[in-house]
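Chemist: Next comes the sequence, and after it the predicted model I'd like to discuss.
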Amino acid sequence: MPLPSDYLERVYAGVLGKIIGVYMGRPVENMRHEQIVARYGEVRYYLTVADGQRTVVTDDDIAGTFTFVRALEDYGFDPNITSAQIGQSWLNYIIENRSIIWWGGLYHSTEHTAFLHLKNGISAPRSGSLELNGPIIANQIGAQIYIDGWAMTAPGDPQRAADLAERSARVSHDDLAIHAARLIAAMESLAFIEPGIEQLLDAGLAQIPADSLIHRLVEDVRSWRLIDQDWRRTYLRIAEKYSYSRYVGGCHIVPNHALILLGLLYGNGNFADSLAITITSGWDTDCNAGNLGCLLGIRGGLATLAGGPDWRGPLADRLFLSTADGGRCISDALGEAYHLVNTGRALQDLPPLSPKGGARFHFSLPGSLQGFQVEGKGRLENPLGNGLDFHVGSLNPEETSRAGTATFILPTDLNMPGYALDAAPTLYTGQVVQCRIAAAGENRATLQVGLYVCHYNAKDKVEFSSGPQKWILPGQAAEITWILPDFNGGPIFEIGIVVGGSGPSTEACLTMDYLGWEGCPRVELRRPAFTEGDPRPELWRRAWICEVDHWENRFNHAFRIIQNRGRGMLITGTREWRNYRLSSKVTSAIFQSGGIAACVQGLARFYALELVWGGHVRLLKVLDGDQVLAEAEFDWKIWQPYELVLAVQGSRLRGWIDGILYFDLNDDDRPLLDGGVALTVVEGHLATHAVNVEPFA
């Protein structure tokens, strides 16, 4: 059916509702209702704000929701995508024992169990089947947690949303968990065009068997609400009939599904009341509030988040998606909303939306901050979605204020609690940053405005570096361009604008229309040069997704990587990189194979130029398995360095060794056209000092 006219706004509100619910419920996750009430009373806002703790953290509920749905893009936006293909995406994006899922062990954590099955060659849906995993593991909560993204790609189409949700859920779950996933997905899909809560429930029930336990649970909660007229009384009924004591496991779907319904029905569509009821009821509070928050966000749009508590301010849109595709880790709610909307549009053969020429930061919906926060005097707002207003306050002649956003792991996030934060930077040396800034006509002073970045240096300390500066008169605008210099190999973790005044003035306002960069950098990726005797820098290594068994920092080679079994990889870069030349002088220690990789989109989607044991060199494509595109004899010697060069230009691939061209071919079968770079090693040991990347037209 046609996309709703307010599709983008509702998806953005759904994404915000999801992360608000997760961040709000996370501090009391797995607590019982009685414990929560005794300690906090009703949970009606972020407990982290009151406790002075971080609110925006890595979380499986957020990472899985906005990662697994990428399978649609990876498989050509096929509406008939299969569970097996979605399972393959798990193997591509999940870093074992670190990212996305709860690593609780075989037949203890449902998702960990499914991941091990997938890794051992058992494809979905059998990986999540009742037959293989038993009723306890198959019926845990994860099927419901991750379905929001799928629903938001199918607005107003409950059948498609439920079917997509089921195919995704069957990677790891079965039985009752599938019914719950289908019901929530159908409700979220219909919420784009139907506000009635009872109608949403009816649409969800239409997507599951009438004789199922989930169907009976819904009808029970509905009828109890009419009788009790008090959510606490209905909670007691739920606790008696559907509690963890009756439905065992790590986190069973049935009790938690009931609490989503409890908040939905008693909250009467009010965002604050609904989340307060569901979270205060306990059990898996962040999962339940995340699903409910997403549903209510879709249903009411941005208006449902207005008034009452400041839901959006403490978050500034920030979220983390810690996966093997590290360039997507540092993200924001508006960016993820556009990814989902463009997926939904592609499913209907519509072109993608790309505001303001594809700028990374465009602030194109009301209230969007895209991670920007103020240091110094000032405040940020975006009431109309036209741009980011920076009210800088009164600045003395030597005083500045700045507003910036993360491009990598911020110093405050280096020691993230809970789930690991693995990320690659989004911004690199050699890239061209462009920004447009306008000064309000009401300003009484000329302002000096420039770009800046913050980066880590060779002592793992923070350094501030300013770029080009311009004076902007009241009512005028300026465009600023900056080709980023090398910062001694240190990763850039923040970019923004810095503002200074010409003298004491009343409050001034600037509007950032956009800020962005595109294309591939010209960069040497290396260990920062350090003074002998000083500790070796460590934070530069955090800019690489590390999926190798050993990578120590005590050797002369910055990259000395060892993999004991299977393939190991170090990955950096982003999906925006395309048409580039990758090179590295690798020392060919003993290995089954090893080399460099381009168009890397995770652990199972890339091209590699590799030396192979037995005197060969090959050009390898990894996509739903390994495919040797070309191979040649090459009598390489261990512990001898070789300059490997891999150039990607559209679907054309070329590979050189020590200046000799070995491969020149076109890949016309589902070519990989963009992605980051990597070092690869299969069962052995490879070393190099640096990796070089440059545009290749």
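Modeler: Everything's here; your move. Model, not experiment: these values are computed from the prediction.
Chemist: Next, the contact list for residue 138, please.
Modeler: By Cβ atoms under 8 Å, 6 or more residues apart in numbering, the contact list for residue 138 reads 110, 128-130, 173-175, 177. All C-beta atoms are positioned from the backbone trio N, CA, C, and that covers glycine.
Chemist: how many neighbours does the closest residue to it other than its chain neighbours have?
Modeler: Excluding the flanking residues, the one nearest residue 138 by Cβ to Cβ, 6 or more residues apart in numbering is residue 174, at 3.9 Å. Neighbour count of residue 174, defined by other Cβ atoms under 10 Å: 23.
Chemist: follow-up on the earlier one: could you export the contacts of residue 138 as CSV, including distance to residue 256 and pLDDT?
Modeler: Shown next, in CSV, are the contacts of residue 138 (distance: Cβ to Cβ, whole Å; pLDDT from 0 to 100):
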residue, distance to residue 256, pLDDT
110, 13, 98
128, 18, 98
129, 21, 98
130, 19, 97
173, 13, 98
174, 17, 98
175, 15, 98
177, 10, 98
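Chemist: just checking, which of those residues belong to helices?
Modeler: Those of those mapping onto helices are 110, 130, 177, per DSSP state H.
Chemist: Can you tell me which of those lies closest to residue 20?
Modeler: Distance to residue 20 across these (Cβ to Cβ) is lowest for residue 177, with 24.4 Å.
Chemist: hey, C-alpha coordinates of stretch 475-489 in PDB?
Modeler: Output in PDB follows, covering the C-alpha atoms of stretch 475-489 (Å, rounded to 0.1, in the frame of the first residue of the first chain):
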ATOM      1  CA  GLY A 475      22.100  37.700   8.600                       C
ATOM      2  CA  GLN A 476      24.900  36.200   6.500                       C
ATOM      3  CA  ALA A 477      25.900  32.600   5.900                       C
ATOM      4  CA  ALA A 478      29.200  30.900   5.100                       C
ATOM      5  CA  GLU A 479      30.400  27.600   3.800                       C
ATOM      6  CA  ILE A 480      33.500  26.100   5.300                       C
ATOM      7  CA  THR A 481      35.600  23.400   3.800                       C
ATOM      8  CA  TRP A 482      38.500  21.500   5.500                       C
ATOM      9  CA  ILE A 483      40.700  18.800   4.100                       C
ATOM     10  CA  LEU A 484      41.600  17.000   7.300                       C
ATOM     11  CA  PRO A 485      45.400  16.700   7.900                       C
ATOM     12  CA  ASP A 486      47.200  13.800   9.500                       C
ATOM     13  CA  PHE A 487      47.100  13.700  13.300                       C
ATOM     14  CA  ASN A 488      50.100  11.300  13.600                       C
ATOM     15  CA  GLY A 489      47.800   8.300  13.100                       C
END
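Chemist: what's that stretch in contact with?
Modeler: For stretch 475-489, contacts defined as Cβ under 8 Å, 6+ apart pick out 427-441, 443, 449-451, 453, 455, 457-458, 463, 465, 467-468, 470, 472, 492, 513, 521, 523-529, 540.
Chemist: what is the mean pLDDT for that stretch?
Modeler: For stretch 475-489, mean pLDDT rounds to 96.
Chemist: For that stretch, buried residues please.
Modeler: Neighbour counts over stretch 475-489 (16 or more other Cβ atoms under 10 Å) mark 478, 480, 482, 484, 487-489 as buried.
Chemist: Return the subset of the residues you listed lying in strands.
Modeler: Residues of the buried residues of stretch 475-489 located in strands (DSSP state E): 478, 480, 482.
Chemist: Now render the residues you listed as TSV, adding distance to residue 98.
Modeler: Converted to TSV, these look like this (distance: Cβ to Cβ, whole Å):
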residue	distance to residue 98
478	43
480	38
482	34
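Chemist: which among these gets closest to residue 369?
Modeler: Among those, and counting by Cβ to Cβ, the member closest to residue 369 is residue 480, at 20.0 Å.
Chemist: quick one, helices of the stretch 301-450 of the chain?
Modeler: Secondary structure of the stretch 301-450 of the chain, counting by DSSP state H, counting those that start in this stretch: helices at 333-346.
Chemist: What segments of it are strands?
Modeler: In chain order, the stretch 301-450 of the chain shows strands spanning 318-320, 330-332, 373-375, 379-381, 388-393, 400-406, 432-439, 447-456, with DSSP state E, counting those that start in this stretch as the criterion.
Chemist: could I get those as a markdown table with distance to residue 262?
Modeler: A markdown table is the format used below for the strands of the stretch 301-450 of the chain (distance: least, Cβ to Cβ, whole Å):
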| stretch | distance to residue 262 |
| --- | --- |
| strand 318-320 | 26 |
| strand 330-332 | 31 |
| strand 373-375 | 35 |
| strand 379-381 | 35 |
| strand 388-393 | 38 |
| strand 400-406 | 36 |
| strand 432-439 | 47 |
| strand 447-456 | 45 |
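Chemist: Save the ones you listed as CSV, and put in distance to residue 351 and mean pLDDT too.
Modeler: CSV is the format used below for the strands of the stretch 301-450 of the chain (distance: least, Cβ to Cβ, whole Å; pLDDT from 0 to 100):
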stretch, distance to residue 351, mean pLDDT
strand 318-320, 26, 98
strand 330-332, 23, 98
strand 373-375, 33, 95
strand 379-381, 31, 96
strand 388-393, 26, 92
strand 400-406, 27, 95
strand 432-439, 23, 97
strand 447-456, 31, 96
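Chemist: Now distance to residue 602 and mean neighbour count too, for the ones you listed, in TSV please.
Modeler: Listed next are those as TSV, based on distance: least, Cβ to Cβ, whole Å; neighbours: other Cβ atoms under 10 Å:
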stretch	distance to residue 602	mean neighbour count
strand 318-320	16	25
strand 330-332	16	25
strand 373-375	30	16
strand 379-381	34	15
strand 388-393	32	22
strand 400-406	21	23
strand 432-439	26	20
strand 447-456	25	23
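Chemist: pLDDT weak spots in the chain?
Modeler: Under the criterion pLDDT under 70, the flagged ranges of the chain are 502-506.
Chemist: Could you list the domains of it?
Modeler: Here the domain assignment for the chain is 7-319, 373-516, 544-695, based on automatic domain parsing.
Chemist: Deepest in the core, which of those domains is it.
Modeler: domain 7-319 (a mean of 22; mean count of other Cβ atoms under 10 Å).
Chemist: just to revisit the earlier point, of the ones in strands among the buried residues of stretch 475-489, just say which sits nearest to residue 386.
Modeler: residue 478 (17.2 Å).
Chemist: any idea how far that closest one lies from residue 498?
Modeler: Using Cβ to Cβ, to the nearest Å, one gets 14 Å for the distance from residue 478 to residue 498.
Chemist: Give the residues shared as contacts by these two.
Modeler: Common neighbours of residue 478 and residue 498, counting by Cβ under 8 Å, 6+ apart, are residue 449.
Chemist: correct me, but residue 365 touches residue 335?
Modeler: No - between residue 365 and residue 335 there is no contact under Cβ atoms under 8 Å: 11.2 Å.
Chemist: More neighbours: which of the two?
Modeler: Using other Cβ under 10 Å, the more surrounded residue of residue 365 and residue 335 is residue 365, with 24 against 20.
Chemist: Phi first, then psi, for the more buried one.
Modeler: Here is the backbone geometry of residue 365 (degrees, to the nearest 10): phi -130, psi 150.
Chemist: which residues does the spatially closest residue to it that is not a sequence neighbour contact?
Modeler: Setting aside the residues directly before and after it, residue 365 is nearest to residue 385 in space (Cβ to Cβ, 6+ apart), at 4.5 Å. By Cβ under 8 Å, 6+ apart, the contact set of residue 385 is 363-368.
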